[in-house]
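Participant: Quick one, fold the following:
(chains A and B)
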2 protein chains.
Amino acid sequence: MGVSFAKRVELLKASEIREILKITTRPEVISFAGGLPAPELFPVEELKHAAIQVLEEAGSQALQYSTTEGYEPLRKQISQRIDAKFAVKVGAENILVTSGSQQALDFAGKLFLDAGDVVLCESPTYLAAISAFRAYEPRFVEVPTDDGGMVIEELAKILRSTERVKLIYVVPDFQNPTGRTWPEERRRQFAALIQEFKIPVIEDNPYGELRFEGRIPPSIKSFDTTGLVIYVSTFSKIFCPGMRVGWIAAAANFFEKFVLIKQGADLHTSSKSQREIAKYLELYDVDAHVRKIVEAYRRRRDAMLASMDELFPPEARHTYPQGGLFTWVELPAGYNTVELLRKCIERNVAFVPGGSFFPNGGVANTLRLNFSNMPEERIREGIGRLAQVIKEYK
Amino acid sequence: MGVSFAKRVELLKASEIREILKITTRPEVISFAGGLPAPELFPVEELKHAAIQVLEEAGSQALQYSTTEGYEPLRKQISQRIDAKFAVKVGAENILVTSGSQQALDFAGKLFLDAGDVVLCESPTYLAAISAFRAYEPRFVEVPTDDGGMVIEELAKILRSTERVKLIYVVPDFQNPTGRTWPEERRRQFAALIQEFKIPVIEDNPYGELRFEGRIPPSIKSFDTTGLVIYVSTFSKIFCPGMRVGWIAAAANFFEKFVLIKQGADLHTSSKSQREIAKYLELYDVDAHVRKIVEAYRRRRDAMLASMDELFPPEARHTYPQGGLFTWVELPAGYNTVELLRKCIERNVAFVPGGSFFPNGGVANTLRLNFSNMPEERIREGIGRLAQVIKEYK
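Facilitator: Model (predicted):
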């Protein structure tokens, strides 16, 4: 006998983002690597009042064990909000409050994936979703994408020719890492196709409310007639990430399994945190707060895109995100952005090499830039440094 | 194609405790079924002050993403506390803050268990640990116990004759469900045996500080010379459970894997909750608070044991817990406590049938009683009702 880990443990690797973040906490580094919201916009005073009221009104109830499903008033607020914003038509009884939306991704893996099963995802896709699913030992099949998300014809081909597809994971609004958004027609086609093949879908929408221009398209879930789409989101980007409160909106047959999984995983999400957010939503105008975030991030995006257009070599292409936190840069073949990052660190600027967003690897010339976490002049300075390193690369 | 769940999902069942709790929320029911701390003892005012200070001093930092490992000052406070109380000699760098100790159990399953691997546990053992591990499809082998915990000779026999033992799970202090405590000598023998066989151990100690009499024995971890013992505990029983803050104390080789698992599972535990607890521990005398809890629970235990001794038929045997929240009753063979519960519900009294605490089932004549959650007169009234139903059973 002796100590041996489960097979899945071999697949878990330290996140490249995290290792980079460790290097880039030095104040002289301009880091576009993180995915951090702007902390100066967190509603600290408002939350303080909400927290005091929760303890004064609910007292010990806010500190006791509570139901796995979540705090009922918060579940209702969530269901009403995602209906109003994204036409997600579910009741409070379909909302499971989770410890951040990362937990929802872990639960999706736990619910659907046996070793060797197939997950379909956008190519590239969200790094931490890959980590969450990987613990359940699936194979990833990457679906080709264009500026409007998954290419439906390619998805159809893959669905027809691939065995054991158990789950499809998509981020249709201001995707992490690319910043791209699926147009309404694409969502409709996607929903029709998955009804045909009857494959469960995780629609992950943490950024959808952070739209700088244009109208919010209906969610994929809004076109879902058979309850296959599991809608996942969070308070991290419209309120604050540190409290770790997210949710799953799912039809009853999925919902009840998720509740069992959550019981085994952590019993429930903090009663006090849930009540504080519910109280904040009750006392304050969160839409006004979101508008402030949107204003700030729009200016930052504009600064980043303008600087890139001015300073990057013309062969470097970037996406045009209409919202969210990220843009995506594709350099000519021959660039290796992991090497580029090493050179950048010497010049005190950082980003995330794009390779980690492709679960099967093999793409070396892309990178992700975050624009939400610093003022415009620092963005311009950082893009200037990055442009210089790109030009000197060869 | 079509929707299909992972194999593990067939093994997940709705918790009997939870279903019972739903029935017993009517105020006329005296429920010994839960495992709830006494809410009237939660330090609500103190926590309010701590929460205000955290937001005034740390502001947006308390609401931002933070490191997976946990809030550094809290990790230090935890490591010092478990050393002082239980002789667990680890540094802050060995402490991973988790979303309750339930999450630590889930992570242990994820780290060690492939389908078909064997977990050894006390017979009976903690219900929610069974649920957590079950998601990783192990086989459970129950180790015979006596009033001093696992019988070491039986454990040795099982270790010699069983393939694929990957993990041993024990609750040596005021065990849930039995209330039993392992004496020091038993802990020493156990530690020696697991060093010989080199099997990782989860030592789960949520109740250890709630000791009504006698001295706290050193933890099993204190006898662990090779880092095999993973010590797990929580603030749920000495502070409050609703905030969901627990921890894992583990040697570096296990610790770094747990960090990777937590990254994929929920990124980190609430920054704000961690800072609030750290602030509470800094500002207030938690030992004085624990003494208040101990006083109250001791009186409640005394009331329960005295009432049972007076009113139960002599063939009903119960444990004598020196601390914690639970006592355990064994009725003569022939009693079925699930049936007994149905009759009890009609008389407005409830408990948890013992069967669910045996992962392989087959034991029908035991039950678990909680004494922490109601005043003495109500305990006496409830035990009176229960005694009546037991006497009428046949």
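
Participant: Show me how chain A divides into domains.
Facilitator: For chain A, automatic domain parsing gives the domain ranges A:7-42+A:288-392, A:44-283.

Participant: Could I get the full set of helices for the stretch 101-250 of chain A?
Facilitator: Counting by DSSP state H, counting those that start in this stretch, the stretch 101-250 of chain A has these helices, from start to end: A:127-134, A:152-161, A:184-197.

Participant: Please name the nearest non-neighbouring residue to A:A14.
Facilitator: B:L260 (6.4 Å; CB to CB, 6 or more residues apart in numbering or on different chains). (Glycine included, C-beta is placed from N, CA and C.)

Participant: Which residues are in contact with that neighbour?
Facilitator: By CB atoms under 8 Å, 6 or more residues apart in numbering or on different chains, B:L260 lies in contact with A:L12, A:K13, A:A14.

Participant: Can you say which of the helices of the stretch 101-250 of chain A is nearest to chain B?
Facilitator: Counting by CB to the nearest CB, chain B lies closest to helix A:127-134 out of those; the figure is 4.3 Å.

Participant: about what we covered before: comparing the domains of chain A by mean pLDDT, which bottoms out?
Facilitator: Across the domains of chain A, domain A:7-42+A:288-392 has the smallest mean pLDDT, namely a mean of 93.

Participant: how far does that one stretch from start to finish?
Facilitator: With CA to CA, to the nearest Å as the measure, domain A:7-42+A:288-392 spans 43 Å from end to end.

Participant: quick one on the thing from earlier: looking at the domains of chain A, which one is packed in the most?
Facilitator: Among the domains of chain A, domain A:44-283 has the highest mean neighbour count (mean count of other CB atoms under 10 Å in any protein chain shown), at a mean of 21.

Participant: distance between the ends of that one?
Facilitator: One end of domain A:44-283 to the other measures 14 Å (CA to CA).

Participant: What of stretch A:244-262?
Facilitator: The first-to-last residue distance of stretch A:244-262 comes to 15 Å (CA to CA).

Participant: Please apply the same query to stretch A:240-247.
Facilitator: Stretch A:240-247 end-to-end distance (CA to CA) = 14 Å.

Participant: now the domains of chain A in CSV, with distance to B:P375?
Facilitator: Output for the domains of chain A, formatted as CSV (distance: least, CB to CB, whole Å):
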stretch, distance to B:P375
domain A:7-42+A:288-392, 42
domain A:44-283, 15
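
Participant: How far away from the center of its chain is the longest helix along chain A?
Facilitator: Longest helix of chain A, by residue count under DSSP state H: helix A:286-311. Remark: helix A:286-311 is offset 18 Å from the chain centroid, using CA atoms, centre = their mean, to the nearest Å.

Participant: Counting by contacts, list what the helix or strand just after it packs against.
Facilitator: Next in sequence after helix A:286-311, counting helices and strands by DSSP states H and E, comes strand A:317-318. When contacts are defined as 3 or more CB pairs under 8 Å, 6 or more residues apart in numbering or on different chains; DSSP states H and E, strand A:317-318 sits against strand A:326-330.

Participant: nearest to B:A58, of the helices of the stretch 101-250 of chain A?
Facilitator: Comparison of those against B:A58 by CB to CB identifies helix A:127-134 as nearest, at 25.0 Å.

Participant: can that closest one be found next to chain B?
Facilitator: Yes. Helix A:127-134 is in contact with chain B by CB under 8 Å from any CB of the partner chain, via A:A128, A:S131, A:A132, A:R134.

Participant: Just the closest of the residues you listed to B:E310, please.
Facilitator: Nearest member of the residues of helix A:127-134 next to chain B to B:E310, counting by CB to CB, is A:A132, at 54.4 Å.

Participant: which residues does the spatially closest residue to the closest one that is not a sequence neighbour contact?
Facilitator: Using CB to CB, 6+ apart and skipping the chain neighbours, the partner closest in space to A:A132 is A:L105 (3.9 Å). Residues near A:L105 by CB under 8 Å, 6+ apart: A:A128, A:A129, A:A132, A:F133, A:Y169, A:I202, A:D204, A:V232.

Participant: nearest to A:E376, of the contacts of B:L260?
Facilitator: Nearest to A:E376 among the contacts of B:L260, counting by CB to CB, is A:A14 at 32.7 Å.

Participant: so the closest one, which of the three states?
Facilitator: coil (DSSP: H, G, I helix; E, B strand; the rest coil).

Participant: roughly how far apart are the nearest residue to A:N370 once chain neighbours are set aside and B:P313?
Facilitator: Leaving out its chain neighbours, the residue that sits closest to A:N370 by CB to CB, 6+ apart is A:F32, at 5.0 Å. Counting by CB to CB, to the nearest Å, the separation of A:F32 from B:P313 is 73 Å.

Participant: Now do A:L96 against chain B, distance only.
Facilitator: Counting by CB to the nearest CB, to the nearest Å, the separation of A:L96 from chain B is 14 Å.

Participant: mind checking which helix or strand that residue is in?
Facilitator: strand A:95-98.

Participant: Show residues contacting that strand.
Facilitator: A:68-71, A:74-75, A:78-79, A:104, A:107, A:245-250, A:255, A:258-259, A:262, A:268-269, A:274.

Participant: Which neighbours in the sheet does that strand have, and how are they oriented?
Facilitator: Note on strand A:95-98: by DSSP bridges, its sheet partners are strand A:246-249 (antiparallel).

Participant: thought A:V389 was touching A:A350?
Facilitator: No. Here A:V389 does not reach A:A350: they are 10.9 Å apart, not a contact under CB atoms under 8 Å.

Participant: Now for those two: what residues contact both?
Facilitator: Going by CB under 8 Å, 6+ apart, residues that sit against A:V389 and also against A:A350 are A:C344.

Participant: what's the longest helix of chain A packed up against?
Facilitator: strand A:326-330, helix A:376-392.

Participant: ok, now with 6 Å
Facilitator: helix A:376-392 (3 or more CB pairs under 6 Å, 6 or more residues apart in numbering or on different chains; DSSP states H and E).

Participant: could you check the angle strand A:326-330 makes with the helix it packs on?
Facilitator: If you take axes from the mean of the first three to the mean of the last three CA atoms, to 10 degrees, helix A:376-392 sits at 10 degrees to strand A:326-330.

Participant: Closest one of the contacts of B:L260 to B:A92?
Facilitator: A:A14 (20.0 Å).

Participant: quick one on the thing from earlier: in which helix or strand would I find the residue nearest to A:A14?
Facilitator: helix B:252-266.
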